[in-house]
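1. return atomic coordinates for the entry below.
(one chain, ligands or ions: 2)
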Amino acid sequence: GKTPASADMHVDGVGFSYPGTERLVLNQVSLHIPAGQKVAILGRSGSGKSTLASLIRGEYAPDTGSVCIGGVPTFELSDALTQYIGVIQQNPYLFNKTLRDNLKLGNPEATDEQVLDALERVHLGGLVAGLPDGLDTMVDEAGKRFSGGERHRIAIARILLANTPVVLLDEPTVGLDPITEQALLETLFETCADRTLIMITHHLQGADMFDRIVFIEDGALAMDGSPAHL
Ligand code: ATP
Ligand code: MG
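-> Ligands and ions are numbered 1, 2, ... in the order given. Here you go, the predicted model:
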């Protein structure tokens, strides 16, 4: 297979309808995200944000145009893409393994010290200290043991441990109170200092931390600029 030459992302003239449907969910979307840029993607519910994320992480190929990382279409990278893009989906998936193994998915070499440090960073250190089996606690598949906000933070800790050059987050702060949300954003920015951060959200809190804000409206780019220009 082809290897991306860099972490530059190019979304070029993308049009997309879900298989078996007619409606164009994305229409002529173009975005160049240079390596290291911090981008917030905003838009109302149903505007196409998660769909754009699905294309970026290669779940679908666009009907028209292209989505590439380092010159290679993300759709063609399939499994190899996980080396380049760390993803937290809107409903983060936890596996029926130990908490430790859930956290080490993107970095099997991580030491317990690094795992515990990542948990501290997402403010879950206390939670784990309170579990009778600690990192050996089994997480059932649905992750029922943890609240929605805790699941998100576990997923974020997993991404912090994996060293992908691009981190893509779909509403990572949903279900969190404003103080935890702000703390988590700061953690993300600190940990992703040299990495590309693409964060989907439908509210503006913390938007001034980003280099760039992109608004999607009805599947098209409605605005694209620095937070100062909003
Ligand atoms: P939210 O803020 O609520 O998460 P969003 O901006 O992420 O919204 P998308 O999930 O990208 O919105 O959905 C865009 C449109 O595509 C919606 O009209 C939605 O109903 C439709 N859609 C999403 N997933 C599918 C699917 N698997 N099959 C068909 N249509 C879909
Ligand atoms: Mg969404």
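2. helix, strand or coil for Gly58?
-> Three-state assignment for Gly58 (DSSP: H, G, I helix; E, B strand; the rest coil): coil.
3. below-threshold pLDDT in this structure: ranges please.
-> Applying pLDDT under 70 to the chain picks out residues 141-143.
4. show me what from this structure comes close to ligand 2.
-> Within reach of ligand 2 by CB under 5 Å from the ion, the chain has these residues: Lys49, Ser50. All C-beta spots, glycine's among them, are computed from the backbone N, C-alpha and C.
5. show me where the chain has helices.
-> Counting by DSSP state H, the segments of the chain that form helices are 49-56, 74-77, 99-103, 112-121, 125-129, 148-161, 178-191.
6. which residues does the first one contact?
-> What that stands for is helix 49-56. Here helix 49-56 makes contact (CB atoms under 8 Å, 6 or more residues apart in numbering) with 9, 11, 14, 16, 18, 25-26, 29, 41-43, 60-62, 67, 74-75, 85, 87, 89-90, 168, 170, 198, 200, 202, 216, 219.
7. picking that back up, nearest to Gly225, of the helices of the chain?
-> helix 49-56 (17.3 Å; CB to CB).
8. if we can go back for a sec, among the contacts of helix 49-56, which ones lie close to ligand 1?
-> Near ligand 1, taking CB under 6 Å from any ligand atom as the test, the members of the contacts of helix 49-56 found are Tyr18, Val25, Gly43, Gln90, His202.
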